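Asker: Here you go, sequence then predicted model.
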Amino acid sequence: MVPSDQPVSAAGFDFVIAANRLPVDRHVAPDGTTTWKTSPGGLVTAMESVMRDREAAWVGWAGFPGEAPEPFDEGKLRLHPVPLTAIELNEYYEGFSNDTLWPLYHDVIVPPTFHRSWWHAYRRINERFAEAVAEVAAEGATVWVHDYQLQLVPALLRDRRPDLRIGWFNHIPFPPVELFAQLPWRAQILRGLLGADFLGFQRPDDARNFNRSCRAVLGASVKGDVITWGGADDDRLGAAPRTVRAAAVPISIDVAGFEELARQDEVTEKAQEIRESLGNPEVVLLGVDRLDYTKGIRHRLRAIGELFEDGDIAPPEVTFVQIATPSRERVEAYRVLREQIEATVGRINGDFSHLGDTAVHYLHQSFGRAEMAAFFQVADVMLVTPLRDGMNLVAKEYVTARHDGGGALVLSEFTGAAEEMRSAYRVNPHDIEGLKETILRAIRDAPGEKRRRMSSLRRKVRAHDVQTWAAEFLDALAAAPERPSKRASTSSAPPSQ
Ligand code: GDG
């Protein structure tokens, strides 16, 4: 960390990212020394390689409540922390973002909680983010706002800074209007989002859901992917008429960077070590997820448990490893989920493990990137079975790590990744019988068939990496509300406004 002695220059930054979190976590040593390390999670993993070597500011929460640190520099990136008190964190982040919007946008897998006080906090914190961006952005700058925590920022920012070009990308699904309509503040959210020039979504269906909501809730007109709203005759947020474009720009991973990591000797050695410590099983099944009810871990365990029970698989020949990264542990639904999963793992192991031969290895821990790549190389069958997932980067990381062409990917059709990764073993995770059959097929299929599928998946992911995603998004933002021209959409030049 380099403390920034320079105040933001009067000119400000031409390119600004706004996301709930800064891309780093604070670590305080016993002697009081502070260091910052890259924080885990889908958004940061994706943006890290895009932002490298780009002069820009990143506005976000520093990861701990209370007073925010002074702005500081990480490479060419100016990090601009936004403060949140413990109460604000509870209401805006754990409450409205993670207990209202998150379940509502993921097919209401658990019931969303609606609290007016949470909504007020959400609005207040969005204002704080908009204020911070308005302060650091140069005249005519490009601002890229991320995700569901900041849906009011586009309009709040436009109010303050009409000179800016504002884009918003949704990392999670956008729900069908029939579900979105439950939200008491649905009109405010849409008006907030329409402050952007371009809105990017993971799948065409998400963009369509958004367009339909604008039509149904606001009475906007939609032609193709362009939305025109005549504005409102009131003085509430986002009352001005708007014409914006909303379209799918599916996110990806840093394919070259991750493959380079996966090819390192250290990773290959680690993979051998992991396999040996599992007792050299013939087949390793693997799941890697944040411990989240959207990821379908319970359904996966149900299928695995029944396969052990039916005698179709058994340790030591077959073992299942589930890495469940700790997540949102202060939200009740996540606490309940953890208890359910741990009880199920305990039951399966009680029934089907033998001394020295474990049926399910459950790791409620975080690992480094290199170790993660090693786990992927050990996985003969990777189980990605979300009930709903915006994209799912783990699926793309898995095939990228398999530079040996081995392995098999079982992939839920309810992920954004399933849209592109057609050669995976597709499953409906609600269909336990189908899930069991597909897992067995992924284990037993002829090596030639598996390699054919893996090679097609790797080609697909390689053809559309995170750098392509960022270039497509920024080109679409620069051209909005028009579509970018063909030539523009292949350029990856940083924005220069
Ligand atoms: C959201 C959307 C969308 C996980 N555990 C560890 C670790 N990870 C890394 C994975 C992967 C990332 O975190 C998780 O990304 P996902 O895409 O799987 O899921 P979400 O966190 O839910 O992300 C999702 C994504 O945003 C991007 O738009 O795809 O749909 O929900 O990169 O490898 N990384 C390390 N240690 C861990 O223990 N180092």
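Answerer: Happy to help now that I have it.

Asker: Within range of the ligand, give me the residues from the stretch 151-300 of the chain.
Answerer: Neighbours of the ligand within the stretch 151-300 of the chain, by Cβ under 6 Å from any ligand atom: 171, 172, 251, 290. For every residue, glycine as well, the C-beta is placed using N, CA and C.

Asker: By neighbour count, which of these wins?
Answerer: Neighbour counts for these (other Cβ atoms under 10 Å) peak at residue 251, which has 27 neighbours.

Asker: List phi and psi for that residue.
Answerer: phi -80, psi 160 (degrees, to the nearest 10).

Asker: what ranges do the helices span in the stretch 301-450 of the chain?
Answerer: Under the criterion DSSP state H, counting those that start in this stretch, the stretch 301-450 of the chain carries helices at the ranges 332-352, 369-378, 393-401, 417-420, 432-444, 447-463.

Asker: So what touches the shortest one?
Answerer: Okay, so that is helix 417-420. Defining contact as Cβ atoms under 8 Å, 6 or more residues apart in numbering, one finds that helix 417-420 is touched by 203-204, 250, 384, 389, 391-393, 395-396, 411-412, 424, 426, 460-461, 464.

Asker: Next, see if it gets close to the ligand.
Answerer: No - Helix 417-420 does not reach the ligand (Cβ under 6 Å from any ligand atom); its nearest approach is 7.5 Å.

Asker: Restricting to C-alpha, output that helix in PDB.
Answerer: Listed next in PDB are the C-alpha coordinates belonging to helix 417-420 (Å, rounded to 0.1, in the frame of the first residue of the first chain):
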ATOM      1  CA  ALA A 417     -22.100 -20.200 -17.800                       C
ATOM      2  CA  ALA A 418     -24.400 -22.900 -19.200                       C
ATOM      3  CA  GLU A 419     -25.400 -20.500 -22.000                       C
ATOM      4  CA  GLU A 420     -21.900 -20.700 -23.500                       C
END
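
Asker: As a quick check, tell me the outermost residue of the protein.
Answerer: With Cα atoms, centre = their mean as the measure, the chain has its most outlying C-alpha, relative to the mean C-alpha position, at residue 355: 38.5 Å.

Asker: on that earlier part again, need the residues of the stretch 151-300 of the chain next to the ligand in CSV with secondary structure and pLDDT, can you?
Answerer: Below are these laid out as CSV (DSSP: H, G, I helix; E, B strand; the rest coil; pLDDT from 0 to 100):
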residue, secondary structure, pLDDT
171, coil, 96
172, coil, 97
251, coil, 96
290, strand, 95
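
Asker: so of the contacts of helix 417-420, which ones are in strands?
Answerer: In strands, defined here by DSSP state E, the members of the contacts of helix 417-420 are 384, 411, 412, 426.

Asker: ok, of those residues, which one's closest to residue 65?
Answerer: When the ones in strands among the contacts of helix 417-420 are ranked by distance to residue 65 (Cβ to Cβ), residue 384 comes first, at 33.5 Å.

Asker: How about the contacts made by that closest one?
Answerer: Neighbour list for residue 384: 287, 392, 394, 395, 398, 409, 410, 411, 412, 415, 417 [criterion: Cβ under 8 Å, 6+ apart].

Asker: ok, 6 Å please
Answerer: Counting by Cβ atoms under 6 Å, 6 or more residues apart in numbering, residue 384 makes contact with 392, 394, 395, 411.

Asker: ok, which of these also contact the ligand?
Answerer: Contacts with the ligand within those, counted by Cβ under 6 Å from any ligand atom: 392, 394.

Asker: Kindly indicate which of the contacts of residue 384 lies nearest residue 243.
Answerer: The closest of those to residue 243 turns out to be residue 392 (Cβ to Cβ; 32.6 Å).

Asker: what separates the strand or helix carrying residue 141 from the chain centre, distance-wise?
Answerer: Using DSSP states H and E, residue 141 sits within strand 137-146. Taking the mean of its C-alpha atoms, strand 137-146 sits 22 Å from the chain's own mean (Cα atoms, centre = their mean, to the nearest Å).

Asker: Quick one: neighbours of residue 143, just the number.
Answerer: Residue 143: 31 surrounding residues under other Cβ under 10 Å.

Asker: now it: how far from the ligand?
Answerer: 18 Å (Cβ to the nearest ligand atom, to the nearest Å).

Asker: okay, the helices of the stretch 301-450 of the chain, which one's buried deepest?
Answerer: helix 393-401 (a mean of 27; mean count of other Cβ atoms under 10 Å).

Asker: Next, the angle from that helix to helix 369-378.
Answerer: For helix 393-401 against helix 369-378, the angle by axes from the mean of the first three to the mean of the last three Cα atoms, to 10 degrees is 70 degrees.

Asker: Could I get the CA-only coordinates of helix 393-401 as PDB?
Answerer: Extracted in PDB, the C-alpha atoms of helix 393-401 (Å, rounded to 0.1, in the frame of the first residue of the first chain):
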ATOM      1  CA  LEU A 393     -16.600 -18.300 -12.800                       C
ATOM      2  CA  VAL A 394     -15.600 -21.600 -11.100                       C
ATOM      3  CA  ALA A 395     -16.800 -23.500 -14.100                       C
ATOM      4  CA  LYS A 396     -14.600 -21.400 -16.400                       C
ATOM      5  CA  GLU A 397     -11.600 -21.700 -14.000                       C
ATOM      6  CA  TYR A 398     -12.000 -25.400 -13.900                       C
ATOM      7  CA  VAL A 399     -11.800 -26.000 -17.600                       C
ATOM      8  CA  THR A 400      -8.900 -23.500 -17.900                       C
ATOM      9  CA  ALA A 401      -6.900 -25.300 -15.200                       C
END
